[in-house]
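> Using only what follows, build the 3D model:
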Amino acid sequence: MADDDPKQGADLGSDSTHEAGAVPADAMPTKDQLKGQDAAHRAEEREAAGEVAATAGTTASVVDEPAPADASDEYQWHTGINRPTGVPDAVEFIGVHKAFGRNKILRGLNMGLPEGKISMILGPSGTGKSVCIKHMVGLLYPDDGDVVVHGESVPTMRDEELFEMRKKFGVLFQDGALFGSMNLLDNVAFPLRQHTDKGEDEILEIVSRRLGEVGLGEAGDKFPNELSGGMRKRAGFARALVLDPDIVLFDEPDSGLDPVRTALLCELIQEIHEENGGAYTVITHDIMSARRVAEYIAVLWRGRIVESGPAAELFNSDNAFVRQFLSGAAQGPLGME
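Residues are numbered from 1 along each chain as shown. So this is what the prediction gives:
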């Protein structure tokens, strides 16, 4: 795979930004800490919005979000059709609601992501696609509903169970989320050194193999600031695979890449999936990427699934919203709102 110009990817973030996305499982906030932060954040927003009474002894009056004028039509395109794939789901969202203050992101989301497939969650910007990823790994919790990974409820897990569950996941963040103070070899080796008792020789063998798979076999001694954006994404992909995860998540992997390098990355995702298997979930709004690699598609809009199923069937859907979004047409239910 050809490397792109390092100068093109130089604006993807500083060391501190990359390190924030590369936190090992045991350094992530605990469940109680996350819930406490979430509750405090909501309380601050309510107070700032005037929903908490200013006078002592007065009961606060909480104003519900007003229903849209055309509430009866808001979900007219959400058929909820889920065309079966014939395989069990690796991850399920069951009636999930999530709001940040008054902003309701997920509104009763029901979605399954099948085992052994490359799934894509597609939808307009700001519709909650990345919020779904954070729920899968227990970085966010539903206000209502459940998120199930391999048959286990994530919101009910204890911290030690959550720690073990997260080992099932590999995540490729938008900019690769590499440690700026480490070369590529040490970046990719980091999860192995943190979470296994493997010897250094075995670790180096695994890292060399993974870097080779993504076309960076000769770049192990380079640092992130010496790499292009595309190279950093590939290095992040290698690190996401190093623990042999059951589920790999891609948060807009094509962000910041030109069309040619986006196509090359899609080709790489397909090749690695064919070799390693597992449930891959790609968050994107790039329709060409979906056409190239998706085996299963879920179209998300206004916090719910419009329609989901095998990619070939979705691209031939007669649903007006799905047809508009997957074709990129200007005319249809989706406007500039």
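> Kindly state the pLDDT recorded for the nearest residue to residue 223 once chain neighbours are set aside?
Using Cβ to Cβ, 6 or more residues apart in numbering and skipping residues adjacent in sequence, the residue nearest residue 223 is residue 183, 5.4 Å away. Glycine gets a C-beta too; all of them are placed from N, C-alpha and C. On pLDDT, residue 183 comes in at 94.
> just checking, residue 183 touches residue 222?
Yes - in this structure residue 183 lies within contact range of residue 222 using Cβ atoms under 8 Å: 6.1 Å.
> just the strands in the stretch 101-250 of the chain please.
Ranges of strands in the stretch 101-250 of the chain, per DSSP state E, counting those that start in this stretch, are 103-114, 118-122, 144-149, 152-153, 169-172, 247-251.
> hey, which of the ones you listed is tucked in deepest?
Stretch with highest mean neighbour count among the strands of the stretch 101-250 of the chain: strand 118-122 (a mean of 27; mean count of other Cβ atoms under 10 Å).
> relative to strand 247-251, how tilted is it?
On the basis of axes from the mean of the first three to the mean of the last three Cα atoms, to 10 degrees, strand 118-122 is oriented at 30 degrees to strand 247-251.
> Grab the nearest non-local neighbour of residue 97.
residue 144 (4.3 Å).
> residues contacting the one you found?
Contacts for residue 144 were tallied using Cβ atoms under 8 Å, 6 or more residues apart in numbering; they are 95, 96, 97.
> filter these to the buried ones?
Buried by 16 or more other Cβ atoms under 10 Å: residue 96, out of the contacts of residue 144.
> what's the pLDDT at residue 19?
On pLDDT, residue 19 comes in at 36.
> What ranges in the stretch 51-200 of the chain fall below the confidence cut-off?
Flagging of the stretch 51-200 of the chain using pLDDT under 70 yields the residue ranges 51-72, 80, 175-176.
> Which residue ranges of it form helices?
129-136, 159-166, 184-195, 200-213 (DSSP state H, counting those that start in this stretch).
> winner for burial among those helices?
Among the helices of the stretch 51-200 of the chain, highest average neighbours (mean count of other Cβ under 10 Å) belong to helix 129-136, with a mean of 22.
> Using PDB, write out every CA atom in it.
Extracted C-alpha coordinates of helix 129-136, given in PDB (Å, rounded to 0.1, in the frame of the first residue of the first chain):
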ATOM      1  CA  LYS A 129     -23.300   6.900  15.600                       C
ATOM      2  CA  SER A 130     -20.200   7.500  17.800                       C
ATOM      3  CA  VAL A 131     -22.400   7.500  20.900                       C
ATOM      4  CA  CYS A 132     -23.300   3.900  19.900                       C
ATOM      5  CA  ILE A 133     -19.600   2.900  20.000                       C
ATOM      6  CA  LYS A 134     -19.200   4.400  23.500                       C
ATOM      7  CA  HIS A 135     -22.100   2.400  24.700                       C
ATOM      8  CA  MET A 136     -20.600  -0.900  23.400                       C
END
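> Let me know how buried residue 325 is, in neighbour terms.
Neighbour count for residue 325, taken as other Cβ atoms under 10 Å: 24.
> buried residues in the helix or strand hosting it?
Element membership for residue 325 (DSSP states H and E) is helix 320-327. Residues 320, 321, 322, 323, 324, 325, 326 are the ones in helix 320-327 that count as buried (16+ other Cβ under 10 Å).
> got JSON lines for these, with pLDDT too?
Output for these, formatted as JSON lines (pLDDT from 0 to 100):
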{"residue": "320", "pLDDT": "90"}
{"residue": "321", "pLDDT": "91"}
{"residue": "322", "pLDDT": "92"}
{"residue": "323", "pLDDT": "90"}
{"residue": "324", "pLDDT": "90"}
{"residue": "325", "pLDDT": "88"}
{"residue": "326", "pLDDT": "91"}
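> What is the nearest of those residues to residue 210?
residue 326 (33.1 Å; Cβ to Cβ).
> got the contact list for the closest one?
122, 287, 290, 299, 314, 315, 317.
> one more time with 6 Å
287, 315 (Cβ atoms under 6 Å, 6 or more residues apart in numbering).
> Distance of it relative to residue 313?
From residue 326 over to residue 313 the distance is 11 Å, taken as Cβ to Cβ, to the nearest Å.
> export the helices of the stretch 51-200 of the chain to CSV and tack on distance to residue 83?
Below are those laid out as CSV (distance: least, Cβ to Cβ, whole Å):
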stretch, distance to residue 83
helix 129-136, 19
helix 159-166, 28
helix 184-195, 36
helix 200-213, 32
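> nearest to residue 259, of these?
helix 129-136 (20.9 Å).
> ok and the closest one relative to strand 144-149, angle-wise?
Using the same axes, to 10 degrees: helix 129-136 against strand 144-149 is 70 degrees.
> For helix 129-136, enumerate the helices and strands it packs against.
Under the contact definition 3 or more Cβ pairs under 6 Å, 6 or more residues apart in numbering; DSSP states H and E, helix 129-136 sits against strand 247-251.
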